Structures are given as C-alpha cells and as structure tokens.
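# Any chance you can model this:
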Amino acid sequence: MKTTTMNQHDSELNIIPNLSWLPRIGTDFFKSNNRLLIIGESQYAQGETASAYEEDLTRVSGIDFTRNAVLQTQIQNHYKHPALDNLLKALVGNAPINKEKLWKNIAFYNFVQRVMDYSSFDGKKTEQPTTADFDAGWKVFAEVVKILKPTDCIFIGVSAATPFERMMDQLNIKRSNRIAHDKIGNTNPISASIEIDGYSTNISFIRHSSAYFSPEEWHPFLEEQHGNIIHELKAKI
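Model (predicted):
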C-alpha cells in the first residue's frame with residue numbers, strides 16, 4: 001500500500017499505476033533545466049529460510065525502499081551499493097565525488113516493478129525479469145518521465161532496451177530508433193531518445209555496473225551522450 005512521503009511530487013507519483021517504489025529525487029533536481037534520471041533494473045529479496053525471505057520481501061517491498069537504499073548507501077555509507085558507486089564513477093570520470101552534493105541534483109528509481117526472488121531455502125534462486133516485466137516497466141517509465149521531465153536518462157543494464165521501439169509505439173510516444181554503439185568491454189551500449197509532452201529526453205543503456213564494470217572505460221561514452229548534464233554536475237560537486 002502506498003503512503004505519502006516528503007516530496008512535493010509524491011501526490012502525482014503515488015497515483016501512477018503499478019509504481020511499486022517512489023523514485024529518489026534530489027532536493028535540487030528541479031532547479032536545473034538539465035536533469036538526470038538514473039534507472040536501475042530490479043530489486044530482489046533474499047533469505048536462507050522461508051521466514052527470512054518473507055521478512056526481507058516485506059522490507060524490500062516498502063514504498064520508500066529505493067529512497068532509503070540511496071540514503072543508507074550513498075549518504076550514510078551503512079553498506080555498499082556497487083552498481084550505484086560504479087555508475088557515479090563512470091559519470092564524473094576522474095573528478096572527485098561529493099556524493100551528498102551529487103545526489104541533491106539527480107534522481108533514481110528501479111525499472112522493474114516486481115521483486116525478484118533470490119532466496120536460497122529451496123534451492124538457490126536468481127529470478128530474472130520477464131518480457132512482461134520490461135513491458136510493464138516502460139509503461140511506468142513513461143508516467144515517471146511526465147512528472148520528473150528529465151533531459152537525460154541512463155539505464156543500468158541494456159535488457160530494457162529490447163522492447164523500446166515496440167513499447168514506445170504502443171504508448172504513442174515519439175521516439176528515435178535505437179542505436180547500438182561499438183562494444184565497450186563485451187557490451188554494446190545503446191542510445192535513443194523520446195519526446196513526451198514536448199520535452200525531449202536522451203537515453204543511454206549501459207552495461208550493468210554491479211560487477212565486471214570499468215568506470216574508466218564507460219566515462220567517455222557517457223560524456224559523449226550526456227555531456228551537458230555531466231559538465232553541470234561536475235561543476236556542482
């Protein structure tokens with residue numbers, strides 16, 4: 001069940017159908033004409049027993065879980081979040097990172113709106129999102145973009161790109177065709193763009209940054225695709 005939290009746009013976000021977790025929105029996000037929305041792939045619940053899994057599932061399913069995860073890993077440093085840590089390094093390159101200032105200016109949420117089962121009490125599970133999950137994710141994404149109006153979106157992972165054209169056409173959203181770029185490591189980054197309500201958004205899909213990811217190798221691509229917002233963020237941190 002969705003609850004009200006302290007953000008000026010929560011009343012709009014809370015009525016998006018099938019949005020399971022509220023995006024984490026920096027306090028200065030709307031102060032700039034250039035806005036970066038980072039999109040993770042999915043959340044997962046773990047547990048070595050059925051009861052431990054149910055407890056973790058309840059925790060992860062909370063409407064504010066994404067916001068709490070960013071706060072605890074990026075600001076309070078209670079535990080590590082390799083995917084976000086590596087992505088931020090790829091974003092700013094060799095520039096020193098003041099995470100607290102950086103997170104005031106960006107937004108983040110996860111694309112897949114269903115918790116993946118990573119429990120181990122009845123065999124080791126590593127559930128992956130389905131085509132239906134990605135299709136549903138694009139519907140939610142379109143509604144999130146209408147509210148946040150990002151100029152730039154960076155997807156952590158390339159899987160969501162597969163149904164991009166089909167879903168944008170289904171939703172009657174103006175789009176470019178996907179462009180697959182030369183491989184970085186063993187992954188072809190993908191770029192595209194959309195226009196919703198007169199606002200244009202540049203989109204990149206990169207290798208999932210949780211493991212086997214080189215921020216140094218990915219920085220030039222991100223700077224090429226999102227140079228304006230990256231330069232603006234560097235000036236603020």
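
# burial of the residue nearest to residue 193 when sequence neighbours are not counted, as a residue count?
Excluding its sequence neighbours, the residue lying closest to residue 193 (C-beta to C-beta, 6 or more residues apart in numbering) is residue 176, at 4.6 Å. Where C-beta positions appear, they are placed from N, C-alpha and C, glycine not excepted. Neighbours of residue 176 under the rule other C-beta atoms under 10 Å: 16.

# quick one: residue 176 and residue 192 touch, right?
Yes: using C-beta atoms under 8 Å, residue 176 is in contact with residue 192, at 5.2 Å.

# which residues touch the residue nearest to residue 193?
192-194 (C-beta atoms under 8 Å, 6 or more residues apart in numbering).

# For the most centrally placed residue in the chain, give me phi and psi.
With distances taken as C-alpha atoms, centre = their mean, residue 39 lies nearest the centre of the chain, 1.3 Å away. Phi and psi for residue 39, reported as degrees, to the nearest 10, are phi -120, psi 110.

# and the closest residue to residue 65 other than its chain neighbours, how far is that from residue 42?
Once flanking residues are discounted, residue 65 sits nearest to residue 21: 5.5 Å by C-beta to C-beta, 6+ apart. As judged by C-beta to C-beta, to the nearest Å, residue 21 and residue 42 stand 11 Å apart.

# Also residue 199?
26 Å.

# When those two are compared, which one has more neighbours?
Just comparing residue 199 and residue 42: by other C-beta under 10 Å the higher neighbour count belongs to residue 42, 19 against 14.
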